[in-house]
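Asker: Sequence isn't available, so here's the structure alone:
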């Protein structure tokens, strides 16, 4: 489908400049129109003083997924505000997956929901992000 | 002051197990009762596809600061939910500082506000975190 | 279905003491397990200085719907925190509908998403509520 | 002071069209530049099924206060998103006060924090609102 092809091209363009995801070991598993899926192993670096995965790492996975989903329409978009609910701990060695889906686009605003689960399908966190479009495109379309 | 001494001891205990902050190059600048201040340089790893600092890095700095502030009473506390408003971009080479202050403690819940500024004092993000206390202490008090 | 019957009985028990919904002219359209749907006309009382429906009225509709959805398991539950995104204005004479759906239950916590639309199906607001269960039940089950 | 006089004039202009606050029995106690204070009695209408004040009424008080604070610069502003943390119940007969203070203005965006307390000074809720300015002014300035 045309829109999903465009979304994939946007994802590939973003991925080239995406140092953060590579730094975290995040994989870009799938991009479609208004949708993205990414996954990440919980490594030693991410473990905090309570011996569980730091919220910042979980947030980063979800926020990266948000970025791919909200930029999938080939219109540059930035995160304006984000809310995350931490529902269960993640541990060293877990593999976390974030699935992001568009809820609404209205004018320059968009709302996207990301669900982060572990390898057993348990929900670790729910993330809601609000985006705003800005000037510029990710790929050239002729 | 007694309570601030205890807060510092809690901070030192947390710091020993805090891999994430070290991974990000975050410095623990100050801990007092219900208060923490941390700072972080924006490095190449943190720059995203829009050539600005990834939201996940800004969140991680604020979330770490939240952790030190809400654990400063020597009662283990975990992040329950967090909201972040991104107000201005941060760039490669900036030094970001997060100041976290307790707004309220009510039963097992606490609310903490973190303000992230750059080296020119401009507000980059506002973060509000809700914590919940759990069993256990950070340091032994005789 | 057993669980939906129980949800309806909970909804009826709540409705008897629900002065707010009656005050706002809110109708309880449907309750199922983890789900509720309510609707409300925008009246003269709800119109604010910008000649559009006050956010408080939209919030109240969504929050009421959240209450019915999160209490549908016959375990008393209270709102802990709520986030609302206002996406389009509602006007005098509009009829708003809120649909609330459970996203996750984990221990004593639950997360519910409410979407508020107008009579043309346009999304007016998205509301996310976090609930926590407390002692007590809504109906007696033998 | 000039800016506070302008804020008061804006508040008076808003008040004339503010049906919601009057409907709720909300009083406009003070408006200054970037600041507002309002109060409200908890009446029978506001009591919900748990025999405590409905979240919608607490939200409405805080949201109204947000509206006066973010419009105090004589530049029309609308609520974009709001987060409320419910920290303690309010009861029939309580008198609630919301104090709203500007945290930051950056371009068209603003962030305002409202604290809702009861007559004993206990914090009932914390509300954070994000505003966006739109065209138009509240009062004519020559």
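Answerer: Everything's here; your move. A quick note: this is a predicted structure, and the numbers were derived from the prediction, not measured.

Asker: quick one: contacts for the residue nearest to the spatial centre of chain A?
Answerer: Nearest to the geometric centre of chain A sits residue A:65, at 1.0 Å (Cα atoms, centre = their mean). Going by Cβ atoms under 8 Å, 6 or more residues apart in numbering or on different chains, residue A:65 touches A:36-38, A:98-100, A:114. For every residue, glycine as well, the C-beta is placed using N, CA and C.

Asker: what about 7 Å?
Answerer: A:36-38, A:98, A:100, A:114 (Cβ atoms under 7 Å, 6 or more residues apart in numbering or on different chains).

Asker: Mind putting the residues you listed into TSV with secondary structure?
Answerer: TSV is the format used below for the contacts of residue A:65 (DSSP: H, G, I helix; E, B strand; the rest coil):
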residue	secondary structure
A:36	strand
A:37	strand
A:38	strand
A:98	strand
A:100	strand
A:114	strand
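
Asker: Closest one of these to chain C?
Answerer: residue A:114 (11.5 Å; Cβ to the nearest Cβ).

Asker: Can you name the residues bridging to the closest one?
Answerer: When assigned by DSSP bridges, residue A:114 has beta-bridge partners residue A:100, residue A:127.

Asker: Quick check: pLDDT value at it.
Answerer: With respect to pLDDT, residue A:114 scores 98.

Asker: pretty sure it contacts residue A:102?
Answerer: No: counting by Cβ atoms under 7 Å, residue A:102 is not a contact partner of residue A:114; they are 10.8 Å apart.

Asker: quick one: contacts for residue A:8?
Answerer: Residue A:8 is in contact with residue A:31, counting by Cβ under 7 Å, 6+ apart.

Asker: just residue A:64 next, same as before
Answerer: If you count contacts by Cβ under 7 Å, 6+ apart, then residue A:64 has A:20-21, A:26, A:38, B:56 around it.

Asker: Kindly identify which of those also come near chain C.
Answerer: Near chain C, judged by Cβ under 7 Å from any Cβ of the partner chain, there are no entries from the contacts of residue A:64.

Asker: what's the spacing between residue A:13 and residue A:138?
Answerer: 5 Å (Cβ to Cβ, to the nearest Å).

Asker: The residue nearest to residue A:27 when sequence neighbours are not counted: helix or strand, and which one exactly?
Answerer: Using Cβ to Cβ, 6 or more residues apart in numbering or on different chains and skipping residues adjacent in sequence, the residue nearest residue A:27 is residue A:39, 5.2 Å away. For residue A:39, the host element (DSSP states H and E) is strand A:35-41.

Asker: residues in contact with that strand?
Answerer: Counting by Cβ under 7 Å, 6+ apart, residues outside strand A:35-41 touching it are A:24-30, A:61, A:64-65, A:68-69, A:72, A:95-102.

Asker: Give the pairing partners of it; include direction for each.
Answerer: strand A:27-32 (antiparallel), strand A:95-106 (antiparallel).

Asker: For chain A, which residues are neighbours of chain C?
Answerer: With Cβ under 7 Å from any Cβ as the criterion, chain A meets chain C at residues A:83, A:85, A:87-88, A:103-104, A:106, A:109, A:111, A:123, A:126, A:128, A:130.

Asker: Name the SS class of the nearest residue to residue A:60 once chain neighbours are set aside, please.
Answerer: Ranked by Cβ to Cβ, 6+ apart and with sequence neighbours excluded, the top spatial neighbour of residue A:60 is residue B:56, at 3.0 Å. Here residue B:56 is recorded as helix under three-state DSSP.

Asker: Next: the one 4 residues further on.
Answerer: With three-state DSSP as the basis, the three-state label of residue B:60 is helix.

Asker: Over to residue A:141?
Answerer: Applying three-state DSSP: residue A:141 is coil.

Asker: how close does it get to chain D?
Answerer: Counting by Cβ to the nearest Cβ, to the nearest Å, the gap between residue A:141 and chain D amounts to 29 Å.

Asker: Ramachandran angles for the nearest residue to that residue once chain neighbours are set aside?
Answerer: What sits nearest to residue A:141 in space, not counting adjacent residues and going by Cβ to Cβ, 6+ apart, is residue A:74, at 6.7 Å. Main-chain torsions, residue A:74, degrees, to the nearest 10: phi 60, psi 30.

Asker: hang on, isn't residue A:74 packed against residue A:133?
Answerer: No: in this structure, residue A:74 is not within contact of residue A:133 by Cβ under 7 Å, at 10.6 Å.

Asker: who touches both of the two?
Answerer: By Cβ under 7 Å, 6+ apart, no residue touches both residue A:74 and residue A:133.

Asker: Show the pLDDT at residue A:105.
Answerer: The model's pLDDT for residue A:105 equals 96.

Asker: do residue A:141 as well
Answerer: 80.

Asker: same question, residue A:2
Answerer: pLDDT at residue A:2 comes out at 92.

Asker: and it, how many neighbours?
Answerer: 7 (other Cβ atoms under 10 Å in any protein chain shown).

Asker: that older thread, JSON lines please, covering the contacts of residue A:64 and showing distance to residue C:79.
Answerer: Output for these, formatted as JSON lines (distance: Cβ to Cβ, whole Å):
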{"residue": "A:20", "distance to residue C:79": "34"}
{"residue": "A:21", "distance to residue C:79": "35"}
{"residue": "A:26", "distance to residue C:79": "33"}
{"residue": "A:38", "distance to residue C:79": "31"}
{"residue": "B:56", "distance to residue C:79": "29"}
